[in-house]
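# return a 3D structure for these sequence lines:
(one chain, ligands or ions: 1)
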Amino acid sequence: MKKSGVTVILRFVLLLPAMASAAQEPKALPLPDERYKVDLLLVVAHPDDEGAATPYLARALDEHKRIAVVFGTRGSSGANEAGGEQAAALGAIREIEARNALTTLGLTNVWFLGGKDTASQNVLQSLANWDHGGSLEQLVRLFRLTRPEVILTFLPGTFIGEDHGDHQASGLLATEAFDLAGDPAAFPEQLAGPTKRLEPLLENLRPWQPKKIYYFPDADREDIFRGKGPDYSVKEISKSGKQPYWRMALDSFRAHQTQAKSFLDKIAQMDEAQIEKMATSDGGWTDALHFVLGKSLVGGSVTGDVFDGITPGAIPFARPDVSPELARPELSVELGGPYSFFAEFRRAHGLTNLPHPEPPEIALQAPGTLVIPLWVRNQTAKTQEITLAVALPTGWTTQAGTGKFTVAAKQVVATRIEITLPALTENGAKKQEPQEISVHADSNGQSIGETKLRVELRKRALPQ
Ligand SMILES: [Zn+2]
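Now for the predicted structure:
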């Protein structure tokens, strides 16, 4: 092809600036702010939840790890032992308590997502109350800002235990952010940089893929979590603090006056020997910490150190391994609510090895009501009649939800069975052995499914 004169002139003109800039010193383009880069990001729900990890945070700080903490809420609907302030005023106080607790360890990079406290065991209620989408957007932003190597958070699942829906929500959001922060297609407005003036909302962040996520469960049982991650003694002496890690955690906890003033006043009157005696005899202060490995994108052994396999530098974005959808018969009945949600969640986030109780379980206040949420699926071409029945321990009674129903063709419908729970049988007992209850579903005289739930009755428990 013959070059035209115009092309030659154009080439010459374009080369001029390049030659001029080669003569001067190159200017460094702006990089992310190193002050906010962390090795470990702790994501919890309420001010004082960090206490579940403070002995480990103190240990990681001894290893020169950089750490930041994210809280889901300001704890505004908790109790206040220190004064009369309630609601948003209490939230303002508890935010400072959390910051002070972490300052004792030297941690100052602390953020709050703006979720609202939700006193229930149902994670779906917490998500609705936290503005799930807005909270997730903010958490992804913080992941991209702090570029954590490792995430530590509550285990997303439902168990007999405190089983706080907010705790579950923090672990759930952290897992979602783990899978989204590295995705260049997720929240792209955070990644776009302003190219001209009057684009003040574009954030110029970069995608960031964390390497590992670890969980700690909000459950009473320990059996299903053992061997699923590393254990850390809290009794070792900190190199920098010159005292055991549990003792540093206790000092950090002193900031939470609204949550434990009477306990902290007692501690303040004790000498070191008395504090040690108290800590080893009750309250779990000196129990080892057990973490569960959620996933690692850099290998390492399941029970190895949290930072096993972590080397400096970014890794490519990794889409989660979504496992195939469960094959279901054309007509089926299964547990709904948080139970079916968490099964879907584990599937969607490549967490099929995450420990969960089988059958599902819950602890409820007695006397009271148990609600069993159910999905009924009819993929056949005609309306089907089904019969729901429930087998209950003596003293428990069905209020509503059993009997004969019809489900239209090609429909998935939600229903619920309500059961009245009796008072605890033993006077003065705090709880009684969990009982297994089962829901039977029949259609045309044939069983189409049986669903089980283990239920523990307690003197006190969060609402279902
Ligand atoms: Zn909490």
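
# for whichever residue of the stretch 251-400 of the chain sits closest to the ion, what are its contacts?
Closest to the ion within the stretch 251-400 of the chain is Gln259: 9.4 Å, counting by CB to the ion. The way it works is simple: take the backbone N, C-alpha and C, and place the C-beta from them, glycine included. For Gln259, the contacting residues are Pro47, Asp48, Gly78, Ala79, Glu81, Arg94, Glu97, by CB atoms under 8 Å, 6 or more residues apart in numbering.

# helix/strand/coil for it?
Three-state call for Gln259 (DSSP: H, G, I helix; E, B strand; the rest coil): helix.

# and it, how far is that from Leu90?
Relative to Leu90, Gln259 is positioned 10 Å away (CB to CB, to the nearest Å).

# any common contacting residues for these two?
Gly78.

# not counting sequence-adjacent ones, nearest residue to whichever residue of the stretch 351-464 of the chain sits closest to the ion?
Going by CB to the ion, the ion is nearest to Leu462 of the stretch 351-464 of the chain, at 10.7 Å. Spatial nearest neighbour of Leu462, excluding adjacent residues (CB to CB, 6 or more residues apart in numbering): Gln121 at 5.0 Å.

# so how many other residues sit close to that neighbour?
27 (other CB atoms under 10 Å).

# and if you look at the one 4 residues further on?
Residues contacting Gln125 under the criterion other CB under 10 Å number 19.

# hmm, the helix or strand it falls within in reach of the ion?
Assigned by DSSP states H and E, Gln125 belongs to helix 123-129. No - interface with the ion: helix 123-129 contributes nothing (CB under 5 Å from the ion), its closest point being 11.0 Å away.

# give me the contact list for that helix.
Contacts of helix 123-129 (CB under 8 Å, 6+ apart): 115-118, 120, 156, 158, 165-166, 168-169, 172, 337-338, 341-342.

# and whatever residue of the chain ends up closest to the ion, how many neighbours?
Closest contact between the chain and the ion, by CB to the ion, is at His46 (3.6 Å). Other residues near His46 number 23, with proximity taken as other CB under 10 Å.

# what stretches of the stretch 1-150 of the chain score poorly on pLDDT?
1-22 (pLDDT under 70).

# one more time with 90
When residues are selected by pLDDT under 90, those of the stretch 1-150 of the chain lie in 1-23, 30, 78.

# quick one: pLDDT of the residue of the stretch 251-400 of the chain closest to the ion?
Each residue has a pLDDT score; the one for Gln259 is 97.

# pretty sure the residue nearest to Leu462 is in a strand, no?
No - under the criterion used here (three-state DSSP), Gln121 is coil, not part of a strand.

# how near is it to Leu191?
Taken as CB to CB, the span from Gln121 to Leu191 is 37 Å.

# for the chain, what's the longest strand?
Across the chain, the longest stretch assigned as strand under DSSP state E is strand 446-458.

# now for it, which elements pack on it?
With contacts defined as 3 or more CB pairs under 8 Å, 6 or more residues apart in numbering; DSSP states H and E, the packing partners of strand 446-458 are strand 331-335, strand 361-365, strand 368-378, strand 435-443.

# pick the most deeply packed of those.
Ranked by mean neighbour count, those are led by strand 361-365 with a mean of 22 (mean count of other CB atoms under 10 Å).

# counting neighbours, what do you get for Ala249?
By the measure other CB under 10 Å, the count of residues near Ala249 is 26.

# correct me if wrong: it contacts Glu50.
No - assessed by CB atoms under 8 Å, Ala249 is found out of contact with Glu50, at 9.3 Å.

# before we move on, which element is the one residue sitting closest to the centre of the chain in?
Geometric centre of the chain, nearest residue: Gly171, 0.7 Å, by CA atoms, centre = their mean. Using DSSP H and E, Gly171 sits in helix 165-180.
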